[in-house]
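**Q** Sequence and computational prediction follow.
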Protein chains: 2
Amino acid sequence: MHILLNRESEVPVYIQIRNQIRAMIFEGKLAAGSILPPERKLADSLGVNRSTVLNAYKELKADGLVDSHVGKGTVVLAHLNKVCESQDAYQYPVWRQYFNQNAERSNDPLLRDILEITNRDDIISFAAGISGVETDPIDALSGMEEELFVQKGHYALKHTPTEGFTSLRENISVLMGKRGIECSPEEVLVLSGSQQGIDLAARVFIDPGDVVIVEEPSFFSALQIFQSAGARIISIPVDENGMCIEVLEQILQRYRPKFIYTIPTYQNPSGISMSLERRKNLIELAYRKKVLILEDDPYGQLRFEGNRLPTLKELDKYGYVIYFSTFSKIFFPGIRIGWMTAPIPVINQFTMIKQLTDLHANSISQWMVDRFLSSGKLEAHINKICNEYRAKRDLMIEALLNDPVEGLQWNKPLGGFYLWCRLPDGVPNSILLGKAADKGVAYVPGSSFCLAGRGENYIRLNYTYPDAEKIEQGIIRLKEAINESIASGGRSKRSRISEIKPIV
Amino acid sequence: MHILLNRESEVPVYIQIRNQIRAMIFEGKLAAGSILPPERKLADSLGVNRSTVLNAYKELKADGLVDSHVGKGTVVLAHLNKVCESQDAYQYPVWRQYFNQNAERSNDPLLRDILEITNRDDIISFAAGISGVETDPIDALSGMEEELFVQKGHYALKHTPTEGFTSLRENISVLMGKRGIECSPEEVLVLSGSQQGIDLAARVFIDPGDVVIVEEPSFFSALQIFQSAGARIISIPVDENGMCIEVLEQILQRYRPKFIYTIPTYQNPSGISMSLERRKNLIELAYRKKVLILEDDPYGQLRFEGNRLPTLKELDKYGYVIYFSTFSKIFFPGIRIGWMTAPIPVINQFTMIKQLTDLHANSISQWMVDRFLSSGKLEAHINKICNEYRAKRDLMIEALLNDPVEGLQWNKPLGGFYLWCRLPDGVPNSILLGKAADKGVAYVPGSSFCLAGRGENYIRLNYTYPDAEKIEQGIIRLKEAINESIASGGRSKRSRISEIKPIV
């Protein structure tokens, strides 16, 4: 009997022996009625204790594969043993033939790479869209364990309705009320992160070939989701007042899109907020053309200065706006809890698809958020992180202004997570990205936020995640990388034809 | 100024005042330069304290909507104020026009209803597919809070890679090794529940019109997911040895399915396990016809008696089997953590779609499972719940045998969660379901597990969730409901033409 042991493996040796003998039985190499080697003999030949082999045989017996007979030894049982035909003639799958069109359309590993990069210690990451850990409201978790232990089968560990915990939906409904959006708990669906809402929207609304409208630039995952769903995506440029509604109006003369996807406040990646006038015009246009609006609002509460503008949902009288937001940017990113607010027929349809996707958002995270909302500490926490993030934004801008790179431009966002920068002419991301990584700094290239390779000379910098020291050090590294890119590839005046307009 | 206050609302009064004035400004009812009523006057007219109105005005000022001038009062600011055209001519959306084909295909609220029912106190539920709370390993959570507090920004609260925490993937790889499946951590993808794996499989593999093969009966969510993805589903009957491979072989003469979806061990809903011979034949057939196998194995570890049969994955030499399992049935149902094991090209493609769907499984649940696996207590826990569930199964069968209903039949499952029962002739679920609910007992009708309305005279009973007393009481109620259905609708010998074969 040929058994190979791996002593480095975390799989115990007796289990390894069991597995290999079992495989021989299944493959017919050990026929019915075969007798296994006596325990001591096998133990000696393998250089293990007798008890190890004994345990392996016990397992095989418990599995119903062998039986031990006094005086006869350990015998392979008959009924499980039919010799399988030789399988050597078969081939490993050629996977490509099995993947569908959707899979073919979804091959950009950018987001996955970013998640990986943010976990690396040697890189200063301006790439992530996540909150700073100094400001995590860790105290909100206090008493959690005690509460879980008080009651057997605590509801935080059980299934919840697909729509979410009732008390969490109620708390969100009150939160929305405080923000000027009237909605009942029934008009709230708890999501496994607000990105799930975008994905569900694609699954509920988009048939392949349907037109959808996005801003340019826009959130890359949304672009990927709509692309993966087979939508025809048309992008509307963003200027300093947000999405250009005049362009949109012309597009709507020609196309009948299912929806317009917008991040009106502290937009990702541009940091721009849509003006009130444009907000009103957008709503008006949606009514006129009967187009839905998906309003993605992860950053709206993170106002550093300037006016608080109303959400589109707040301005909407007829229910054309479907509103998405999240706790990931203000509570903890890893808990994956967002929500949406929409008329009940929409909530019902989203719920139907959500139950197929993941049954419900995990209960323990829902419970954690619900406890936090009930504690009444949310507003104070938001004020605190706004102060923190404003200071970080200022620090990043200061670092950029200190010994500045000629031709590097940026906007100054009034809230949110990002600085959107235009690179000096002739510094393509394709060169800069590698140089920056060599220097130990990461960002997201502008082309990720645009279609058809546009946005090549923009980059998005996040200032909320890194601490003050890293912001300063990271910007120094980035400027070095840009200067070297100018020096090397440098300053060739050739400019891309289909470049988006500077928004600064 | 017309302001309506709702004193029952959880939204504070000053916020209600703020919201309503804000709405008037946005709607142009309060023009630029308008002066708001003096605080005291408005307070008197609303019957609130002056400080309440003061706070409302403060909020409006912070929002940038008004400004206060000494001697002039509180003035609406100009730049935000452009009168919106009257919107009264517009209509509310007619939602149906916006929903896509996918949404049209996904309109069975059964699962959602079941989740709701299991949360009701007055109903004894045999409908849920969840574990009993008495056996929840609550001790596994001990020390959790302390660990979270030790380190600011604990990794359990941060983002994880889309594939899952590295240490959890390693622990799962070892677990698989112990169960005879060799796989590296890179061949493991952590899922937000194993159902997500089925949904991702549909999104990775199925183009509308593709053929997929399922067992009949089979897991209802899988049927719904494949249907929603636009697959053409062909079902193969299950007999006492599992899926009828001879029938499958004939089907494969005619069709070229993308995959075969099977729950080979303690199948949901039938409780049947596929024989070893059929497992081998199925693998052989898959190789021969180059068809993938999705092996769904939520219950495989819950063996009460009989042989431990190898998983299909264990028998597979070429990587045609994609294996799914879950912690929901053995740890806590609400945490939503499952996993899949497959060749790396498949893992990569699933990861790509998963990152669009929900970025990653929530971190805190992953961490909870990882801690539990690292504690080494999983095997003892599984033994414990097997003993518990075996006793519950026996109790349910005993209760059925006590004063039996003529014509009611069932199988005795050797493991897993369910008793699959055939109703006496002429007792349609459509009548029984309501009667049972009236009596205070819930189950899942057989038609949910079959296509085209078949399975009408079967029901699935879960014995793991209710406690002993509820099992006895619930079966009494169920038998009453069946007897009354016989008495009333009764015993009409008309039988459905396309009825599935009894599997008992």
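**A** Now that the structure is in, tell me what you want to look at.
**Q** Any regions of chain A where pLDDT drops low?
**A** A:78-89, A:104, A:106-120, A:489-504 (pLDDT under 70).
**Q** what residue lies at the spatial centre of it?
**A** Compute the mean C-alpha point of chain A, and by Cα atoms, centre = their mean the closest residue is residue A:195, 6.7 Å away.
**Q** ok, the longest helix seen in chain A near chain B or not?
**A** The residue-count maximum for a helix in chain A (DSSP state H) belongs to helix A:378-401. No: no part of helix A:378-401 sits near chain B under the criterion Cβ under 8 Å from any Cβ of the partner chain; the closest distance found is 10.7 Å. Where C-beta positions appear, they are placed from N, C-alpha and C, glycine not excepted.
**Q** do the same with stretch A:324-342
**A** Yes: Stretch A:324-342 is in contact with chain B by Cβ under 8 Å from any Cβ, via A:332, A:333, A:334, A:335, A:336, A:337.
**Q** related to what we said a few turns ago, correct me, but the residue nearest to the centre of chain A touches residue A:224?
**A** No: applying Cβ atoms under 8 Å as the test, residue A:195 and residue A:224 come out as separate, 10.3 Å apart.
**Q** Common neighbours of these two, please.
**A** residue B:356 (Cβ atoms under 8 Å, 6 or more residues apart in numbering or on different chains).
**Q** Which strands or helices does the longest helix of chain A pack on?
**A** Contacts defined by 3 or more Cβ pairs under 8 Å, 6 or more residues apart in numbering or on different chains; DSSP states H and E place helix A:378-401 against strand A:418-422, helix A:468-488.
**Q** quick one: which of the ones you listed is nearest chain B?
**A** Closest approach to chain B among these is made by helix A:468-488 (13.6 Å; Cβ to the nearest Cβ).
**Q** The closest one near chain B at all?
**A** No: Helix A:468-488 stays clear of chain B (Cβ under 8 Å from any Cβ), getting no nearer than 13.6 Å.
**Q** Setting aside sequence neighbours, what's the nearest residue to residue A:171?
**A** residue A:373 (4.1 Å; Cβ to Cβ, 6 or more residues apart in numbering or on different chains).
**Q** so the one you found is in which element?
**A** Element membership for residue A:373, per DSSP states H and E: helix A:363-374.
**Q** how about the CA coordinates for stretch A:240-249, as PDB?
**A** Extracted in PDB, the C-alpha atoms of stretch A:240-249 (Å, rounded to 0.1, in the frame of the first residue of the first chain):
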ATOM      1  CA  GLU A 240     -18.000  72.600 -11.700                       C
ATOM      2  CA  ASN A 241     -21.800  72.600 -11.200                       C
ATOM      3  CA  GLY A 242     -22.200  68.800 -11.600                       C
ATOM      4  CA  MET A 243     -23.700  66.800 -14.500                       C
ATOM      5  CA  CYS A 244     -24.300  69.100 -17.500                       C
ATOM      6  CA  ILE A 245     -28.000  69.000 -17.800                       C
ATOM      7  CA  GLU A 246     -28.100  70.700 -21.200                       C
ATOM      8  CA  VAL A 247     -26.100  67.800 -22.700                       C
ATOM      9  CA  LEU A 248     -28.400  65.300 -20.900                       C
ATOM     10  CA  GLU A 249     -31.400  67.000 -22.400                       C
END
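**Q** now that stretch, how far from the centre of its chain.
**A** 28 Å (Cα atoms, centre = their mean, to the nearest Å).
**Q** same check, this time on stretch A:466-477
**A** Counting by Cα atoms, centre = their mean, stretch A:466-477 is centred 25 Å from the centre of its parent chain.
**Q** quick one on the thing from earlier: in terms of helix, strand or coil, where does the residue nearest to the centre of chain A fall?
**A** helix (DSSP: H, G, I helix; E, B strand; the rest coil).
**Q** quick one: which of the residues of stretch A:324-342 next to chain B is nearest residue A:9?
**A** residue A:334 (30.5 Å; Cβ to Cβ).
**Q** for stretch A:224-241, which positions count as buried?
**A** Buried residues in stretch A:224-241, counted by 16 or more other Cβ atoms under 10 Å in any protein chain shown: A:224-229, A:231, A:233-238.
**Q** For chain B, tell me which of these show up nearby.
**A** Answer for the buried residues of stretch A:224-241 near chain B (Cβ under 8 Å from any Cβ): A:224, A:225, A:228.
**Q** got TSV for the buried residues of stretch A:224-241, with secondary structure and distance to residue A:217 too?
**A** What follows is these, written out as TSV (DSSP: H, G, I helix; E, B strand; the rest coil; distance: Cβ to Cβ, whole Å):
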residue	secondary structure	distance to residue A:217
A:224	helix	14
A:225	helix	16
A:226	helix	14
A:227	helix	15
A:228	helix	19
A:229	coil	20
A:231	coil	17
A:233	strand	13
A:234	strand	14
A:235	strand	8
A:236	strand	11
A:237	strand	9
A:238	strand	7
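**Q** tell me the domain ranges of chain A?
**A** For chain A, automatic domain parsing gives the domain ranges A:13-76, A:109-132+A:380-488, A:138-377.
**Q** hey, which of those is tucked in deepest?
**A** Across these, averaging neighbours per residue (mean count of other Cβ atoms under 10 Å in any protein chain shown) puts domain A:138-377 on top, at a mean of 21.
**Q** any idea how far that domain is from the chain center?
**A** Per Cα atoms, centre = their mean, the centroid offset for domain A:138-377 relative to its chain is 14 Å.
**Q** can you check stretch A:373-380 too?
**A** 25 Å.
**Q** ok, the residue nearest to residue A:171 to residue A:168 distance?
**A** 7 Å (Cβ to Cβ, to the nearest Å).
**Q** that older thread, these two touch, right, the residue nearest to residue A:171 and residue A:165?
**A** No: in this structure, residue A:373 is not within contact of residue A:165 by Cβ under 8 Å, at 10.9 Å.
**Q** Would you reformat the domains of chain A as CSV and include distance to residue B:19?
**A** Compiled in CSV, these are given as follows (distance: least, Cβ to Cβ, whole Å):
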stretch, distance to residue B:19
domain A:13-76, 64
domain A:109-132+A:380-488, 18
domain A:138-377, 5
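**Q** Residue B:262: which of these is closest?
**A** domain A:13-76 (17.4 Å).
**Q** Tell me if that closest one is near chain B.
**A** Yes: residues of domain A:13-76 are located near chain B by Cβ under 8 Å from any Cβ, namely A:15, A:18, A:19, A:22, A:23, A:26, A:62, A:63, A:64, A:65.
**Q** Repeat that for stretch A:125-145.
**A** Yes: judged by Cβ under 8 Å from any Cβ, stretch A:125-145 and chain B are in contact via A:128, A:130, A:133, A:134, A:136, A:138, A:141, A:142, A:143, A:144, A:145.
**Q** Just the endpoints, please. Distance across that stretch?
**A** Using Cα to Cα, to the nearest Å, the end-to-end distance of stretch A:125-145 comes to 33 Å.
**Q** Figure out how far that stretch is from the centre of its chain.
**A** So, by Cα atoms, centre = their mean, the centroid of stretch A:125-145 is 17 Å from its chain's centroid.
**Q** do the same with stretch A:56-63
**A** 44 Å.
**Q** If we only consider the residues of domain A:13-76 next to chain B, which is nearest to residue B:35?
**A** Nearest member of the residues of domain A:13-76 next to chain B to residue B:35, counting by Cβ to Cβ, is residue A:15, at 81.7 Å.
**Q** roughly how far apart are that closest one and residue B:48?
**A** For residue A:15, the distance to residue B:48 - Cβ to Cβ - is 72 Å.
**Q** show me the contacts for the residue of the stretch 401-504 of chain A found nearest chain B.
**A** The nearest approach of the stretch 401-504 of chain A to chain B comes at residue A:465, 10.1 Å away (Cβ to the nearest Cβ). The neighbours of residue A:465, taking Cβ under 8 Å, 6+ apart as the test, are A:118, A:125, A:126, A:128, A:130, A:131, A:132, A:133.
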